[in-house]
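Chemist: Give me coordinates for this.
(chains A and B)
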There are 2 protein chains.
Amino acid sequence: MSIERAAILSTGDELTTGRTVDTNANFLADRLTAAGIEVATIIAVGDEPDRIAWAWGEGMRLADLVISTGGLGPTADDRTTEAVARLANRRLVWNEEVATRIRQIFAAMNRPMPENNLKQAWFPEGAEVLPNPLGTAPGFRLSIETGSGWRHLIALPGVPREMTRMVEDSVLPWLAQARGKTEVYASRVFQTFGASESALDELVAGALPETEGRVAFRAAFPQISVRVTVAAPPGEVEQRLARAAERLRQRIAPYVYAEGETTMEEVVGQLLRERHKTLAIAESCTGGLIGHRITNVPGSSAYLLGVVVAYANAVKQTALGVSAATLARFGAVSEEVAREMAAGVRRLTGADAGLATTGIAGPEGGTPDKPVGTLCLALDTAEGCFSRRYQLWGNREWIKLLASQLALDWVRRWALGHDPTASGWQARGQPRAS
Amino acid sequence: MSIERAAILSTGDELTTGRTVDTNANFLADRLTAAGIEVATIIAVGDEPDRIAWAWGEGMRLADLVISTGGLGPTADDRTTEAVARLANRRLVWNEEVATRIRQIFAAMNRPMPENNLKQAWFPEGAEVLPNPLGTAPGFRLSIETGSGWRHLIALPGVPREMTRMVEDSVLPWLAQARGKTEVYASRVFQTFGASESALDELVAGALPETEGRVAFRAAFPQISVRVTVAAPPGEVEQRLARAAERLRQRIAPYVYAEGETTMEEVVGQLLRERHKTLAIAESCTGGLIGHRITNVPGSSAYLLGVVVAYANAVKQTALGVSAATLARFGAVSEEVAREMAAGVRRLTGADAGLATTGIAGPEGGTPDKPVGTLCLALDTAEGCFSRRYQLWGNREWIKLLASQLALDWVRRWALGHDPTASGWQARGQPRAS
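Modeler: Residues are numbered from 1 along each chain as shown, chains lettered A, B, ... in the order given. Next up is the predicted model:
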């Protein structure tokens, strides 16, 4: 079956009134693109039946696959199911199995079930129910033949956690099968740090002929991921993917810090855990952000002993033992002070590595010698104390984030036995004007 | 002129391939809704001329105001201007003033100007140029008469910073004037903490007859804002707004921590600065997040002396002077330990207030006595040491965020001379199932 083009619909007043950013559509666009499907449009409408019908109608005109999120809840303003049934000219039928499951969920929570929840047990006749393992509202899929060919209509709930799980569990596998190609899709993603998206784009250019794989970037700074997707017969796809991924990796190797959907703080955590190393941090300009990121990883108490955010110079002295002479001679923002901070926090906690940041996040505080964006990093370890000065740029938020990513990358490199000071940030290409 | 309904268009392959989340459309939906305009739909398309033309056509069919972002850049795939000109049946005309300004921008940056940048000096005949103070690509507005009435077409660049500024500077003022009503719109926003969106919704119900003002919520947790918008003749609008805002405020007063677009950390910072108070923080379960948030505010070094993230018990003892006996008797997650942490960090830094958090962010580490979500807060000050235990819920990220917001609210209340322990979090109403 040929399914080449998708329309993504998002339903809910919270979108058209600006209460909610539409991250569901973004997730679907990313996953469909990776599966080799072109997304023709993304349409958001509120909860009015006319608008919902219009959106489905246009979606069916522009695409052979229409995927919607939202409008499947128990309340009166959840109208997706009715709209699809009317458009497909199907009546609604009761699904007792789904009704039983909804009753069981409420019973298990020891909560009375509002009767309107059973609204979620009605489906357009002929639809396949898509199970929702994380909530009460299942989705459905309905394939209908129209004057211009088959149309595949998929309705999913709007709760992101439920929707994404259902896409991975039900929608993508069905899609691969329904397209009935001798080819299946497989992809691999690399996480990178140190090069901008446009710099990566240049590096990757020409690495793969289009027939051998498609490369896509996705930037959610400080995370820039590079995904390669190949289409091949089932028996060959793994081998083809391995080959394409290897070609890609050769181009971007210095910037790759992980494979798969993982963050820098997770990579650092896993390395420290595997190698039985502990870490302590002395932050100045990053203000606690590194500690926050490290502690976002469950179980981080196994390797993070503590953090001192030494904003005031007096705290640098009393808590970390930075000497007054060093502060006076080199200034708080200096490699020398960073080194004493790193050594101090390591001594205080007994950690294997002491990491320190000091710099000027701005917008105030810059000088000709040490402009906004100046960053000094130090890492004190049994193998010695490393330090380096960087010049970053951007606003306060960006500088803090970039500094935290650089600092975490230092820990990663050290844990791997590499030189941490080799870490850096290069932006090639021009930032786009508008 | 009657302008009642808008369509928002977003143009760019980065949207339909899932590389970028469409925050522009969300911003526009929020601002237009606040101005009393109904958003009929949000449509995103890639850079193909046919799709762009389709989106503009549907937008004009559904709405009398069509606002688009993106597709105004200098490259070949920036096609919004041509699409609008064709749809409106206007030729493109050269604007020498804009061309001069683009040349000047490049000259000022000492950068050679790629010739294609001058593409941005062409506009549909009859369009009004909307200046872009922050970039090279101006926007434009074109009003045309069609068989079904006037259509107002506005094209803005896709860079969020530039776009939002142009909306505030040019679009909204024009809109207010063009609607030519004897009425103008004015709004006021309250920032709240302590009640969920549905709880606020219940509190506010019936506070204002629809003729006296429209109330809208916007949740970007931990920030939940409540905006009231009134429409009234220019001479009356301020008075009417003041009255509506006062009625609203009476309903939600216990939860309001600020008026206007401001964050909890900015409010705390301003209070500490005004009252010449300094703060130090001992974080356990929040892992540095409170320090990170406080230091996101420029100039926070004036009142934040330092932060100790005491993840390991040994660090609680060595860096903060928490006694081994207290740890052994009450456990690390206890009001008693929180109190010693708060006193310890205050002593270490000499701050006026020492704030401490200890708790269980999960997903591991919970016990029947102290389940995941247990939080103990303490604030040590010259007026005494306050402490309280809370039971939060949610995943690790949510618990950290909610704990940091509660802790900051404690500092705010203390700085105002109130009882910090009165702060709390109430969720009324049911979380929505799907």
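
Chemist: In a strand, A:Phe140, correct?
Modeler: Yes. Read with DSSP: H, G, I helix; E, B strand; the rest coil, A:Phe140 is one of the residues of a strand.

Chemist: list the contacts for the closest residue to A:Phe217 other than its chain neighbours?
Modeler: Leaving aside its sequence neighbours, A:Phe217 sits nearest to A:Glu197 (Cβ to Cβ, 6 or more residues apart in numbering or on different chains; 5.3 Å). Placement of C-beta: from N, CA and C, glycine included. By Cβ atoms under 8 Å, 6 or more residues apart in numbering or on different chains, the contact list for A:Glu197 reads A:Phe217, A:Ala219, A:Ile224.

Chemist: Please apply the same query to A:Arg243.
Modeler: With Cβ under 8 Å, 6+ apart, A:Arg243 has these contacts: A:Glu212.

Chemist: Which of the helices or strands spans it?
Modeler: Element membership for A:Arg243, per DSSP states H and E: helix A:234-252.

Chemist: Report the rounded mean pLDDT for the following helix or strand past that helix.
Modeler: Using DSSP H and E, the helix or strand that directly follows helix A:234-252 along the chain is strand A:256-259. Strand A:256-259 shows a mean pLDDT of 96 in the predicted model.

Chemist: Give me the angle between the lowest-mean-pLDDT helix or strand in chain A and helix A:234-252.
Modeler: The helix or strand of chain A with the lowest confidence, counting by mean pLDDT, DSSP states H and E, is strand A:214-220 at a mean of 78. Orientation of strand A:214-220 against helix A:234-252 (axes from the mean of the first three to the mean of the last three Cα atoms, to 10 degrees) gives an angle of 60 degrees.

Chemist: Tell me the buried residues in strand A:214-220?
Modeler: For strand A:214-220, the neighbour count (16 or more other Cβ atoms under 10 Å in any protein chain shown) marks A:Arg214, A:Val215, A:Ala216, A:Phe217, A:Arg218, A:Ala219 as buried.

Chemist: Which strands and helices lie in contact with it?
Modeler: helix A:23-34, helix A:197-204, strand A:223-232 (3 or more Cβ pairs under 8 Å, 6 or more residues apart in numbering or on different chains; DSSP states H and E).

Chemist: Pull that strand out as PDB, backbone CA atoms only.
Modeler: Output in PDB follows, covering the C-alpha atoms of strand A:214-220 (Å, rounded to 0.1, in the frame of the first residue of the first chain):
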ATOM      1  CA  ARG A 214      18.900  10.200   4.700                       C
ATOM      2  CA  VAL A 215      20.500  12.500   7.300                       C
ATOM      3  CA  ALA A 216      18.400  14.800   9.500                       C
ATOM      4  CA  PHE A 217      19.400  17.200  12.200                       C
ATOM      5  CA  ARG A 218      17.500  18.200  15.300                       C
ATOM      6  CA  ALA A 219      18.700  20.900  17.600                       C
ATOM      7  CA  ALA A 220      17.400  21.300  21.100                       C
END
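
Chemist: Just checking: what are the partner strands of that strand?
Modeler: Strand A:214-220 sits in its sheet next to strand A:223-232 (antiparallel), going by DSSP bridges.

Chemist: how far does the strand it pairs with sit from the chain's center?
Modeler: For strand A:223-232, the separation from the chain centroid amounts to 14 Å (computed by Cα atoms, centre = their mean, to the nearest Å).

Chemist: what does it contact?
Modeler: Contacts of strand A:223-232 (Cβ under 8 Å, 6+ apart): A:34-36, A:181, A:183-193, A:195-197, A:200, A:204, A:208, A:212-219, A:237, A:240-241, A:244-245, A:248, A:252, A:263-264.

Chemist: ditto for stretch A:287-295
Modeler: Defining contact as Cβ under 8 Å, 6+ apart, one finds that stretch A:287-295 is touched by A:263-265, A:268-269, A:279, A:281, A:283, A:300, A:304, A:307, A:309, A:311, A:355, A:357, A:361, A:400-401, A:403-404, A:407-408, B:283, B:286-292, B:294-296, B:300, B:304, B:307, B:309, B:311, B:361, B:400.

Chemist: same thing but at 6 Å, please
Modeler: Here stretch A:287-295 makes contact (Cβ atoms under 6 Å, 6 or more residues apart in numbering or on different chains) with A:265, A:281, A:283, A:300, A:304, A:307, A:309, A:400, A:404, A:407, B:287-289, B:291-292, B:295, B:307, B:309.

Chemist: In helices only, show me the residues you listed.
Modeler: Per DSSP state H, helices hold the following members of these: A:Glu265, A:Lys400, A:Ser404, A:Ala407, B:Leu289, B:Gly291, B:His292, B:Thr295.

Chemist: Quick check: the last one vs B:Glu274, distance?
Modeler: Computed as Cβ to Cβ, to the nearest Å, the B:Thr295 to B:Glu274 distance reads 19 Å.

Chemist: Those two: which is more packed in?
Modeler: Neighbour count, other Cβ atoms under 10 Å in any protein chain shown: between B:Thr295 and B:Glu274, B:Thr295 has more, with 27 against 10.

Chemist: Tell me the confidence at the more buried one?
Modeler: The score at B:Thr295 is 96. That number is its pLDDT.

Chemist: quick one: it from B:Ala302, how far?
Modeler: Distance, B:Thr295 to B:Ala302, by Cβ to Cβ: 11 Å.

Chemist: Rounded mean pLDDT for stretch A:233-252, please.
Modeler: Average pLDDT, stretch A:233-252: 92.

Chemist: should've said stretch A:369-381
Modeler: Mean pLDDT, computed over stretch A:369-381, is 96.

Chemist: Over to stretch A:386-401?
Modeler: Averaging pLDDT along stretch A:386-401 yields 91.

Chemist: and if you look at stretch A:190-208?
Modeler: Stretch A:190-208 carries an average pLDDT of 86.

Chemist: again, but for stretch A:338-348
Modeler: If you average the pLDDT over stretch A:338-348, you get 97.

Chemist: Show me how far that stretch is from its chain's centre.
Modeler: Computed by Cα atoms, centre = their mean, the chain-centroid distance of stretch A:338-348 equals 33 Å.

Chemist: Can you list the neighbours in contact with it?
Modeler: Residues contacting stretch A:338-348 (Cβ under 6 Å, 6+ apart): A:280, A:282, A:308, A:320-322, A:326, A:354, A:356, A:358, A:376, A:378-380, A:385, A:387, B:319.

Chemist: In PyMOL, how would I select just the buried ones from the residues you listed?
Modeler: To isolate the buried ones among these in PyMOL, judged by 16+ other Cβ under 10 Å, type:
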select buried, (chain A and resi 280+282+308+320+322+326+354+356+358+376+378+379+380+385+387) or (chain B and resi 319)
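
Chemist: Please identify the residue most distant from the middle of chain A.
Modeler: Here chain A reaches farthest from its C-alpha mean at A:Ala325, the gap being 44.8 Å by Cα atoms, centre = their mean.

Chemist: So which bits of the strand or helix carrying that residue are buried?
Modeler: Using DSSP H and E, A:Ala325 sits within helix A:324-330. Neighbour-count burial for helix A:324-330, counted by 16+ other Cβ under 10 Å, picks out A:Thr326, A:Leu327, A:Phe330.
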